[in-house]
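> can't give you the sequence, but here's the structure:
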């Protein structure tokens, strides 16, 4: 037994837990989102910490399918990581919206690691009124 480097039993337990988590995929993957219906619009908030806004892509298909993609844009670092838990891989999430939205009434912003997409709902006025004689 080498006594030159004492080991911390809690550090050993944490390392063993990390290994088991990686083996059985118990770590959460994907992009967590909240979808809020405010009446006039649908608001989607997605957690994308550690990204730049240039690395995030938002697309809307068929007025009801929102796709959020984020590239891994962290530069390579010199040195050796002692502990690395923050996700570095590209992320993607597709969200089916509860009803059709108007693409021209859509805005997106990114602040403090949270992407917020505000999607105005399509008008349900239903056309022109016709007078009955």
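In hand now; what should we look at? As the structure is a prediction and not an experimental result, all values here were calculated from the model.
> quick one: low-confidence parts of the chain?
Residues of the chain that meet the criterion pLDDT under 70 lie in 1-7, 10, 18-19, 21-29, 73-76, 87, 124-131, 133.
> tell me which residue is most central in it.
For the chain, the residue sitting closest to the mean C-alpha position, by Cα atoms, centre = their mean, is residue 31 at 3.3 Å.
> tell me the contacts of it?
46-48, 68, 70, 91-93 (Cβ atoms under 8 Å, 6 or more residues apart in numbering). C-beta: built from backbone N, CA, C; applies to glycine.
> farthest-separated two in those?
Taking Cβ to Cβ as the measure, those reach their widest spread between 47 and 92, a distance of 13.6 Å.
> so which strand or helix has residue 20?
Residue 20 is part of helix 9-24 when elements are defined by DSSP states H and E.
> following the chain past that helix, name the next helix or strand.
strand 33-37.
> buried set for the helix or strand that that next one is followed by?
Sequence-wise, the next helix or strand downstream of strand 33-37 (DSSP H and E) is strand 41-47. For strand 41-47, a neighbour-count test (16 or more other Cβ atoms under 10 Å) marks 41-42, 44, 46 as buried.
> walk me through which strands the very next helix or strand once past strand 41-47 pairs with, and which way each runs.
Remark: after strand 41-47, the chain's next helix or strand is strand 56-61, criterion DSSP H and E. Counting by DSSP bridges, the strands paired with strand 56-61 are strand 65-70 (antiparallel).
> touching the partner strand from outside, list them.
Taking Cβ under 8 Å, 6+ apart as the rule, strand 65-70 contacts 31, 33, 44, 46, 48, 51, 55-61, 90-97, 115, 117, 119.
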